[in-house]
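K.L.:
could you look at this predicted model? Sequence included:
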Amino acid sequence: MELLVLHTVCILVLLSLCATASGLFLFLQRASLLTDAVSHALILGVVVAFMGVHTVSSPWLCVGAFAAACATVFCTQWIVSTKRMADDVAIGLIFTLFFSCGVLLLSQYAGTIHLDTDMIMFGEITVAPLYRLMIGGVDYGPTALWLFAGVGLLHMLVLRYCYAALVYALFDPIGAHVAGVPTGIFSYVMVVLMSITAVSAFNIVGSSAFVALAIVPVTSAYLIAVTMRQLWLVSMGCSMSIACGGYALALWCDASVTGAIGVIAGLVLLVVAFCGFFARS
Amino acid sequence: MNMGAYAVYGVPCLGAVLFGVLSGIVGVIVLVRKQGLLADTVAHAAYPGIMVSYLIWGHAHAWMLVCGGCVTSVIGVMSTILLMRARGMRYDAALGTVLSIFFSSGIFMLSLIQKAGMPQQSLLHTFFLGNMVTLLHADLYNIMIVGLVVCVFMAFCGKMLLVGSFDAQYAVTIGVPIGIINTFFIGLLIAVILVGLQAVGVILMSALLIAPAAAARQWSSHVPTIMQIAALLGGSIALVSYAFMMWFPALPTGPLLVMCGTFCAFYSLFFAPHRGIVWQ
C-alpha cells in the first residue's frame, strides 16, 4: 500500500515537472491557452485510434492523440494565415470542433466499453501505478514512471542544447532571426514537446489538471520572479508542491485527484501573490 | 398541439432557439472585442459555483444553481483583472490560470458530491456537456428576460459600445463612459452564458458564442448586418441540433450544437461571396 502511494507521488511529481517545463516556454510565447486547446482536442485522436484497434491499453491511442494535437496546431495556424479570423477565434473553433467530434463518436459506444469522457477529462491516477513495466518476467516499476522519466529527459535534452538560442529567440525575435537562429522551428519544437507531455498525461490526471499544472505554477512564479533562473526555480517549486499537496488533499478527502490539484493550485497562486505583495510594500 | 406536448417538446425547442439567437447577437460583440477566451473563462468559472450551491441547498433548484454560478463567474472575472494588473502578465495566461483553477475546483466538489451520494445528481452532469431537453418553463423565462435586457442595452448603448470596442481613445475623447459600458457588457455576457449553461454545457459554451459570429463576419463588413446574420444562424443552429436530438436521443447536445456551428463557420470561410477562400 505504502509502495503504491510512493509510486503515485513519484509519477505525479515527474508529470508536473514536465508539464510546467513545457508550459513555461509557451507562457513566454504568449500561447498558454494552446495547452488547454491541445489537451481537449486529443480526445478525437484517442477515439479514432480506439475505433481502429478496439483496446484501451494500446500505444496507438497515444499516437492518435499526438496526431490530433499536431492537427489542432496546424489547422489553427492555417486559419490565422488566411487572415479571415483572429487567432483566438481560430483556436476556439478548432479545439471545440475536435472535442465535439470525439465526444459524439464516443457516445456511440456509451456503456459498452471501458472508455468514456470522464476517463479522458479526469484521468485514472489510481490505476496508473498498477500497469507495470515487465521485461523478461522482471518487474521494473510502473510504466508511467518510466514514461515520464523519458519525457523529462527529452525536455532536458532540448533545453541543454537549445536553451540559449530559445531564450534569445523569445526576448529578441528580430535579433535572433538576424543572427541566424531558426526562430520558427523553435516555436514548433516547444509546441511538439507540450503535445508529447499532454498526450502522456491525459490518461493519468486528465486534461483539466494538466492545464492547471502547465499554466498555474508559471503564472505564480511570474508574479515574483525577476530573472529567468528565478522563474524556473519558483515555478518548479510551485509545480511540485501543487502535485504533492493535491494528492495529499485527495487522499485526505477521498476526492478526485484532478480536482484536488486545481484547488491546491489556487491556494499556491494566492500564497505566492500575497508573498509578492508584501515583499514589494 | 396539446399542452402536454408543448411542455415536453415545445418549451425546450423554443428555449434553445431563443438562446441561439441571443448568443449570435452577443457573440458579434464578443468577437469585435476579442473576448472569446473571456467567455470561455466565465463559463468554466461558473462550474464550482453550481457545485457549491448544490452542496449548500441540496435539492437541484435550477435558479439557485445559476445564482451560485453567477457568483463564482464574477469572482473569476475579477481575479483575471487582478492578475492582469501584475506587471506584464499576459492576457491569455491570466485567463488560463483562472479557467483551470476554477474548473478543477468544480471537479473536486463534484467528486465530493458523488461520494456523499446526494439526490438528483443527474442535473449536475447536464452542466458538463449540456442537454437542451432539460430546459423548463422557468429557464425559458430566464432566457427571455436576459434577451430583453440585451435588446434594450443594444438599442440604447449599442453605438457607444461599438465605438469603445473599435477605438477606445476616440470614445473617451467624445465623452463615452466606456468604463461603465464595458462593465455592464461583461455583466450581460455573464448573464447570457449562465442562462444557457444547462443547455450547452460548460466546456463548449464559448464555441456557441463564437461560431455564428465568425460565420456571419465572412458575409458582411457592416456590424448591424453581421448581427442580424449571426442571430439568424444562431437560431437555425439550435433548431437543427434540436431536430437531430429528436432523432438520436443518445447524442449529447453541446457537441451537436458545436458541430453545426463550426460547419457554418467553415462553410462561410470557404464559400462566402467576396471574402471566401474559394473565390480567390
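P.N.:
Alright, I've got the coordinates. Keep in mind the model is a prediction, meaning the values are calculated, not measured.
K.L.:
mind checking how far the closest residue to A:A69 other than its chain neighbours is from A:L106?
P.N.:
Excluding the flanking residues, the one nearest A:A69 by CB to CB, 6 or more residues apart in numbering or on different chains is A:S195, at 3.7 Å. Every residue, glycine included, has its C-beta placed from N, CA and C. According to CB to CB, to the nearest Å, A:S195 and A:L106 sit 21 Å apart.
K.L.:
longest helix of the chain?
P.N.:
The chain I'm using is chain A. Using DSSP state H to define each element, chain A has its longest helix at helix A:183-224.
K.L.:
that's the wrong chain, I wanted chain B
P.N.:
Under DSSP H, chain B gives helix B:137-166 as its longest helix.
K.L.:
where's that helix relative to the chain centroid, distance-wise?
P.N.:
Distance of helix B:137-166 from its chain centroid, counting by CA atoms, centre = their mean, to the nearest Å, is 13 Å.
K.L.:
how about it: buried residues?
P.N.:
Neighbour-count burial for helix B:137-166 flags B:139-140, B:142-143, B:146-147, B:150, B:153-154, B:157-158, B:160-165 (criterion: 16 or more other CB atoms under 10 Å in any protein chain shown).
K.L.:
pull the very next helix or strand once past it out as CSV, backbone CA atoms only.
P.N.:
Per DSSP states H and E, the first helix or strand lying C-terminal to helix B:137-166 is helix B:168-173. Output of helix B:168-173 as CSV, limited to C-alpha atoms (Å, rounded to 0.1, in the frame of the first residue of the first chain):
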residue,chain,number,x,y,z
ALA,B,168,-11.2,53.3,-27.0
GLN,B,169,-9.2,56.5,-27.1
TYR,B,170,-11.6,58.2,-29.6
ALA,B,171,-14.5,57.0,-27.5
VAL,B,172,-13.1,58.7,-24.4
THR,B,173,-12.5,62.0,-26.2
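K.L.:
my guess is A:V216 contacts B:F103, does it?
P.N.:
No - counting by CB atoms under 8 Å, A:V216 does not reach B:F103; the two are 11.8 Å apart.
K.L.:
mind jotting down where the helices sit in chain B?
P.N.:
With DSSP H as the criterion, chain B has helices spanning B:3-5, B:11-32, B:36-57, B:62-85, B:91-116, B:122-129, B:137-166, B:168-173, B:178-200, B:205-217, B:223-247, B:253-271.
K.L.:
isn't there a helix covering A:G180?
P.N.:
No - assessed by DSSP: H, G, I helix; E, B strand; the rest coil, A:G180 does not belong to a helix; its assignment is coil.
K.L.:
give me the phi and psi angles of it.
P.N.:
Per-residue torsions, A:G180: phi 90, psi 10 (degrees, to the nearest 10).
K.L.:
how about B:G88?
P.N.:
phi 60, psi 10.
K.L.:
how close does it get to chain A?
P.N.:
8 Å (CB to the nearest CB, to the nearest Å).
K.L.:
residue contacts, that residue?
P.N.:
A:Y222 (CB atoms under 8 Å, 6 or more residues apart in numbering or on different chains).
K.L.:
wait, which of the helices of chain B is closest to chain A?
P.N.:
Set against chain A and scored by CB to the nearest CB, the helices of chain B come closest in helix B:91-116, at 1.9 Å.
K.L.:
before we move on, the earlier item: report pLDDT for the residue nearest to A:A69.
P.N.:
Looking at A:S195, its pLDDT is 92.
K.L.:
what stretches of the stretch 151-281 of chain A score poorly on pLDDT?
P.N.:
Counting by pLDDT under 70, the stretch 151-281 of chain A contains no low-confidence range.
K.L.:
what's the separation between the residue in it positioned nearest to chain B and B:A116?
P.N.:
Here the residue of the stretch 151-281 of chain A nearest chain B is A:G262; by CB to the nearest CB that distance is 1.9 Å. Per CB to CB, A:G262 is found 19 Å from B:A116.
K.L.:
looking at the two, which one has more neighbours?
P.N.:
Per other CB atoms under 10 Å in any protein chain shown, whichever of A:G262 and B:A116 has more neighbours is A:G262, with 28 against 9.
K.L.:
which helix or strand contains that one?
P.N.:
Here A:G262 sits within helix A:257-280, counting by DSSP H and E.
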